[in-house]
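K.L.:
what would the 3D arrangement of this be:
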Amino acid sequence: MGRLWKDGYPLGFEIPIGDQGLIYDDGDGTVPLVSGESINIYENEKIILKSNHLNLPTDSQKDVLELLTGKRPETENRDSLIKDIFIASVFSPIDIQVVDKNGKRVGRDFQNPGHIFNEIPGAYYSGYDNVDNEFLTIPNPRTESTKS
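P.N.:
The predicted structure is shown next:
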């Protein structure tokens, strides 16, 4: 594989079917400093903290809000951790709506033009008006029915 794989390539990579020798896992939970750096971030705006990859948004929230607003929040939201997420993306002219097991909806309301549903807690819908593609996300989707 020449210069593309200076330390060699995964065993079986040359086989065009299957996993090509790649083994997937959860990684070590870290983000290398070089991955988080950008030439567009000033030195005094860099945030370096001890956290694992999954908790970075939660653990850095006070620092980020202070950089954006100039005020450090007194409280923080520790309940916002997203451990799993459902993402759906479509390309127009298709519109999308997702209905959960409890009948709650997120996405376009096909019966009422100009209206969208946002009944699933924490869900986000990009909208459908004047966009080439649409997407929606549902954090921590429930897999069991929990009528309330």
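
K.L.:
how close does residue 111 sit to residue 117?
P.N.:
10 Å (Cβ to Cβ, to the nearest Å). Every residue, glycine included, has its C-beta placed from N, CA and C.

K.L.:
who has more neighbours out of these two?
P.N.:
residue 117 (18 against 6; other Cβ atoms under 10 Å).

K.L.:
could you measure from the more buried one over to residue 41?
P.N.:
Using Cβ to Cβ, which is the criterion applied here, residue 117 is 38 Å from residue 41.

K.L.:
try residue 113
P.N.:
43 Å.

K.L.:
these two: who's more crowded?
P.N.:
residue 41 (12 against 7).

K.L.:
which SS state does that one fall under?
P.N.:
Here residue 41 takes the coil state, with states given by DSSP: H, G, I helix; E, B strand; the rest coil.

K.L.:
which residues touch the spatially most central residue of the chain?
P.N.:
In the chain, the residue lying closest to the centroid (Cα atoms, centre = their mean) is residue 85, at 7.1 Å. Contact analysis of residue 85 by Cβ atoms under 8 Å, 6 or more residues apart in numbering lists 137-141.
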